[in-house]
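Engineer: Below are the sequence and a predicted model; questions follow.
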Amino acid sequence: MRTRLALLALTLGTFAIGTTEFVVMGILPELADDLDVSVSSAGSVVSAYAFGVVVGAPLLVAAFANVPRRRVLLTLLTVFVAGHVSLAAVDSYPWVLVLRFVCGLPHGAYFGVASVVGAKLVPAHRQGRAIALVLLGLTVANIVGVPAGTAVGQQFGWRATFLLVAVIGALALAAVIRWVPAVGGADAPSDLRAELRAFKDPKVLLVIAVVTIGFSGLFSCFTYIAPMMTEVAGYPAGAMTWLLAIFGAGFTVGNLLGGWLTDRAVLPTLYGFLALLAAALFAFPLSADNKVTAAINLFLIGMSSFAAEPPVQKRLLDLAGSAPTLVSATNQSAFNTANALGALIGGQVIAAGYGLTSTNRAGGVLVLIGLALAVLSGVLDRSRRGGRTPAKM
């Protein structure tokens, strides 16, 4: 029971982080209108947060390398809460960008440390499911947190949304204090030199590249999901609350399914769901002019994308061995580099006049590149079996 409560405390933190990361997509029109900028310019708020994650993940993990992991989690959540309270108090676009960057700083480090702590709380044969449980907060955020935050933002303004996120973050901080253990292997500090040596393995770098390029395909779609579903599929703006819940349900189902399959076969799970994600993205422009098929495809994109996340995280933990924290955090940097890259590519495609749904075709191409890199990582495993013990498959 104590282990489950500890995992749930970690999950509440990822729920808070997932809510703030994705809720902006739902309140983008309100934020743009209030700050008197265009929707495409307001998309930079997404990129600012993502850049904060990219910068913060490796730097904060390195800075806290000799600090027990539980204390690191508490520090990161404290910064997260303070950043969102500050964000709700500003009224200028430049300050929103700066504070979204600050709010993004703890994100990657928290996910990296929380994934390692969660994995070390359970036996090796259950680590895939433990990682999925920690990541579950991110997916449930898209069912509960993002729709709720979107509704609050539409009713009371975008600042109220970020105050809600601050409250959730404070609850996560209290839960970690209460339930995450302060002793044992899960709380051990990192060895920075060993953490850095993990990046000498080309397979680690390939997996990071898979996330950076492959998952940018998801965000080329997701960043512009509100205008796609309202202007192309024909849904009213008020429907975005439950449409985001459908997307979040896909995330949750995919995460749980991916975690279960990862404990059986890591690389085949990764290959299969990246292929399914590419297919769903290519199919979206064909289904977007019908409300029912657009909603179904939205679920499939969410499901396939997050089913690929547990095998990525487990693959990195296996490759990094006894020094997984920095690699795990860098995965989150890569994920949010993908966020920024996908938003940028999607915006450029739209600005070039190819239409809102063309972002999905661009996304499908990016996912296929990520799949090719994942296959190459697996090929390197097989090619080295003669002289070295392979990483877990």
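Structural biologist: Nice, I can see it.
Engineer: So in the chain, where's the weakest helix or strand by average pLDDT?
Structural biologist: Of all helical and strand segments in the chain, the minimum by mean pLDDT, DSSP states H and E falls on helix 39-42, at a mean of 76.
Engineer: in this structure, which segments are predicted with low confidence?
Structural biologist: Low-confidence segments of the chain (pLDDT under 70): 182-190, 322, 384-393.
Engineer: show me the contacts for the residue most central in space within it.
Structural biologist: Nearest to the mean C-alpha position of the chain, by Cα atoms, centre = their mean, lies Phe335 at 6.0 Å. Applying Cβ atoms under 8 Å, 6 or more residues apart in numbering to Phe335 gives the contacts Val53, Gly108, Val211, Phe215. Glycine gets a C-beta too; all of them are placed from N, C-alpha and C.
Engineer: what about the first one, neighbour count?
Structural biologist: Other residues within reach of Val53, judged by other Cβ atoms under 10 Å, total 29.
Engineer: And for the third one?
Structural biologist: Val211 sits with 26 neighbouring residues when counted by other Cβ under 10 Å.
Engineer: which element is the closest residue to it other than its chain neighbours on?
Structural biologist: Nearest non-adjacent residue to Val211, counting by Cβ to Cβ, 6 or more residues apart in numbering: Ala334, 3.9 Å away. Ala334 is part of helix 325-351, with elements assigned from DSSP states H and E.
Engineer: Check which element follows that helix along the chain.
Structural biologist: Elements were assigned by DSSP H and E; along the chain past helix 325-351, the next helix or strand is helix 358-383.
Engineer: give me the element Tyr110 is part of.
Structural biologist: Assigned by DSSP H and E, Tyr110 falls within helix 93-120.
Engineer: tell me which residues in that helix are buried?
Structural biologist: For helix 93-120, the buried set under the neighbour-count rule, 16 or more other Cβ atoms under 10 Å, comprises 93, 96-120.
Engineer: just stretch 118-128 next, same as before
Structural biologist: Buried, per 16+ other Cβ under 10 Å, within stretch 118-128: Gly118, Ala119, Lys120, Leu121, Val122, Gln127, Gly128.
Engineer: follow-up on the earlier one: what is the helix holding Tyr110 packed up against?
Structural biologist: helix 2-35, helix 44-63, helix 69-87, helix 127-140, helix 309-320, helix 325-351 (3 or more Cβ pairs under 8 Å, 6 or more residues apart in numbering; DSSP states H and E).
Engineer: Among the ones you listed, which comes closest to Ala166?
Structural biologist: Ala166 lies closest, by Cβ to Cβ, to one member of those: helix 69-87, at 3.9 Å.
Engineer: What helices and strands are in contact with that closest one?
Structural biologist: With contacts taken as 3+ Cβ pairs under 8 Å, 6+ apart, helix 69-87 sits against helix 2-35, helix 93-120, helix 158-179.
Engineer: Tell me which of these sits nearest to Arg193.
Structural biologist: Nearest of the helices and strands packed on helix 69-87 to Arg193, taken as Cβ to Cβ: helix 93-120 at 17.0 Å.
Engineer: Now the phi/psi pair for Asp289, please.
Structural biologist: Note on Asp289: backbone dihedrals following degrees, to the nearest 10 are phi -90, psi 10.
Engineer: Quick check: it touching Glu231?
Structural biologist: No - Asp289 is beyond contact range of Glu231, at 10.9 Å (criterion: Cβ atoms under 8 Å).
Engineer: Overlap of the contact sets of those two?
Structural biologist: With Cβ under 8 Å, 6+ apart, Asp289 and Glu231 have no common neighbours.
Engineer: I'd like the helices and strands packed on helix 93-120 written out as TSV, with distance to Leu371 added.
Structural biologist: Rendered in TSV, the data for the helices and strands packed on helix 93-120 read as follows (distance: least, Cβ to Cβ, whole Å):
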stretch	distance to Leu371
helix 2-35	24
helix 44-63	22
helix 69-87	32
helix 127-140	20
helix 309-320	12
helix 325-351	14
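Engineer: Report the contact partners of the nearest residue to Ala57 once chain neighbours are set aside.
Structural biologist: With Cβ to Cβ, 6+ apart as the criterion, Ala57 has its nearest non-adjacent residue at 2.7 Å, and that residue is Gly108. Each residue near Gly108 by Cβ under 8 Å, 6+ apart is listed here: 53-54, 56-58, 60, 329-333, 335-336.
Engineer: Residues contacting the least confident helix or strand of the chain, please?
Structural biologist: Residues contacting helix 39-42 (Cβ under 8 Å, 6+ apart): Leu28, Pro29, Leu31, Ala32, Leu35, Tyr93, Pro227, Gly347, Ile350, Ala351.
Engineer: The nearest residue to the last one once chain neighbours are set aside: neighbour count?
Structural biologist: Distance criterion Cβ to Cβ, 6+ apart; nearest residue to Ala351, sequence neighbours excluded, is Ser40 at 6.8 Å. Residues contacting Ser40 under the criterion other Cβ under 10 Å number 17.
Engineer: start at 54 instead
Structural biologist: Yes, from this point I'll number from 54; that puts the last item at Ser93.
Engineer: Roughly how far does Ser93 sit from Leu245?
Structural biologist: Distance, Ser93 to Leu245, by Cβ to Cβ, to the nearest Å: 40 Å.
Engineer: try Ser94
Structural biologist: 39 Å.
Engineer: neighbour-wise, which of the two wins?
Structural biologist: Shown here are Ser94 and Leu245; by other Cβ under 10 Å, Leu245 has more neighbours (17 against 13).
Engineer: residues contacting the more buried one?
Structural biologist: Ala115, Ala118, Asn119, Leu379.
Engineer: and these as CSV, adding distance to Arg231?
Structural biologist: What follows is the contacts of Leu245, written out as CSV (distance: Cβ to Cβ, whole Å):
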residue, distance to Arg231
Ala115, 28
Ala118, 26
Asn119, 25
Leu379, 28
